[in-house]
Each structure stands twice: as C-alpha cells, then as structure tokens.
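Asker: Just to be clear, the model below is a prediction. Sequence and coordinates:
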Amino acid sequence: MVLFDLPVYQFFISFFTISPMMISFMKFFTSFGSTLVIVCGILSVAILIKNKKYFWNFTIANALGIVLNTVIKIIIRRPRPSTTMLFSYEKSFSFPSGHTMMSTIFYGLIIYYVYKNIKNKNLKYLLVSLLSLIIVMIGVSRIYLGVHYATDVVAAYILGIVYLVTYIKLSNKLWNKKHI
C-alpha cells in the first residue's frame, strides 16, 4: 500500500498545491459526499420528482450502502492516515471511504436515471459528465485532505459501482415482478 498510497497523496499535494483557497475548494467537493447533502438530495428527489419508485430506490440504495460501508469499516478496522490528516478530523475507520462510496452510489443512481430517461443527448451527456466529475472530485478531495489513503478511495469506487450495478439489477427485477 505504501508503494501506491504515498505516491498518489504526494501527486495530489503537488498537483493541487496546498493553499487556503485549494483547501476550501477540496472541502467544498468533500461536502457533496456528506450524509447531509445526500439525505437532502434524496428528499429533493421525493419533492421534485414525486415518484415513489424513485424515492424508495434512492432511500433503500443509500441506506443499504451505508450499512455495507459501515460493516466493511468494522471488519477491516483500518486506522485513518495519521501523518497526512492535516486539514480535517475524522473519527471512523478509514477503509473504504464512506464519502466516496456513498457519492458513487447516490450520484451513480442519478446518472443511471438521467441516462435512462433524458432523451436530449446533449443534456444527457452534460449531466452525466458533471455528475461523474463530482464523484471523481469527492474521491480526490478525500485523498488531498489527508483523511483517506488512495486505496480507501479506489476500493470505495469499486465497491460503490459493484454494489450499485447489483442494486439496480435486483431492484429492476423486483419492481417488474411487482407490477406485471
């Protein structure tokens, strides 16, 4: 891990130089993966879309994602980076990154519905690109802020994507069976 984690951290610190403005920028992106923002996003789905299927899909997908992330953290019990955690303080275990995994699940589910339902190709690709950038930047910000090792973030992306694909397939099967 040292052969991967430290060089990646050093790359991000050199590429995104340490400055008060850059720290604020990274904290801004980190906030998009916070529980508060994701819960507000789910509530926004309920209010704006007014479709119970979407609301329950977002709620269940994210609730199960939190459980999965927490169980993995408890099993692995990897401590946070102690030498790089300069800009933030976190109390939970490090592996996998909860912000990264949950943003992959939440914004990934939005990407799925955008791709599935929006007909305008330009709008579709713009939204998918912006949402993908948010997911990537949340992971980058977690490494930059020193609260996660790069392997925590990579694992969170992989786990989030595998979980999301599995969840979408299962929920589509259950939804289709229920309403035939």
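Answerer: Arrived safely, thanks for sending. Numbering: from 1, shown residues only.
Asker: phi, psi of T17?
Answerer: When read as degrees, to the nearest 10, the backbone of T17 gives phi -50, psi 150.
Asker: Check what pLDDT it gets.
Answerer: On the pLDDT scale, T17 is placed at 76.
Asker: Pull the number of nearby residues for it.
Answerer: T17 has 8 neighbours, counted by other CB atoms under 10 Å. All C-beta atoms are positioned from the backbone trio N, CA, C, and that covers glycine.
Asker: And it, how close does it get to F11?
Answerer: The spacing between T17 and F11, counted by CB to CB, to the nearest Å, is 12 Å.
Asker: Name the SS class of R80, please.
Answerer: Classification of R80 by DSSP: H, G, I helix; E, B strand; the rest coil places it in coil.
Asker: Correct me if wrong: it contacts G98.
Answerer: No. With contact defined as CB atoms under 8 Å, R80 does not count as touching G98 (11.7 Å).
Asker: of these two, who's got more company?
Answerer: Neighbours per residue, other CB under 10 Å: of R80 and G98, the larger number sits with G98, 25 against 19.
Asker: Return the residues in contact with the more buried one.
Answerer: Residues in contact with G98 (CB atoms under 8 Å, 6 or more residues apart in numbering) are G33, I66, N69, T70, K73, S92, A156.
Asker: Only the buried residues of stretch 122-134, if you could.
Answerer: Judged by neighbour count using 16 or more other CB atoms under 10 Å, the buried positions of stretch 122-134 are K124, L127, V128, L131, I134.
Asker: Torsion angles phi and psi at the first one?
Answerer: When quoted as degrees, to the nearest 10, the phi and psi of K124 stand at phi -60, psi -50.
Asker: Make JSON lines from the buried residues of stretch 122-134 and add secondary structure and pLDDT to it.
Answerer: Putting those into JSON lines (DSSP: H, G, I helix; E, B strand; the rest coil; pLDDT from 0 to 100) gives the following:
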{"residue": "K124", "secondary structure": "helix", "pLDDT": "95"}
{"residue": "L127", "secondary structure": "helix", "pLDDT": "96"}
{"residue": "V128", "secondary structure": "helix", "pLDDT": "96"}
{"residue": "L131", "secondary structure": "helix", "pLDDT": "97"}
{"residue": "I134", "secondary structure": "helix", "pLDDT": "96"}
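Asker: Those into TSV, with extra columns for distance to K27?
Answerer: TSV is the format used below for the buried residues of stretch 122-134 (distance: CB to CB, whole Å):
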residue	distance to K27
K124	30
L127	24
V128	25
L131	20
I134	14
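Asker: Of the contacts of G98, which qualify as buried by neighbour count?
Answerer: Taking 16+ other CB under 10 Å as the criterion, what is buried in those is G33, I66, N69, K73, A156.
Asker: Who are the packing partners of the top helix by length along the chain?
Answerer: Criterion DSSP state H: the longest helix present in the chain is helix 150-178. Applying 3 or more CB pairs under 8 Å, 6 or more residues apart in numbering; DSSP states H and E, we find helix 150-178 packed against helix 2-15, helix 52-76, helix 98-117, helix 121-144.
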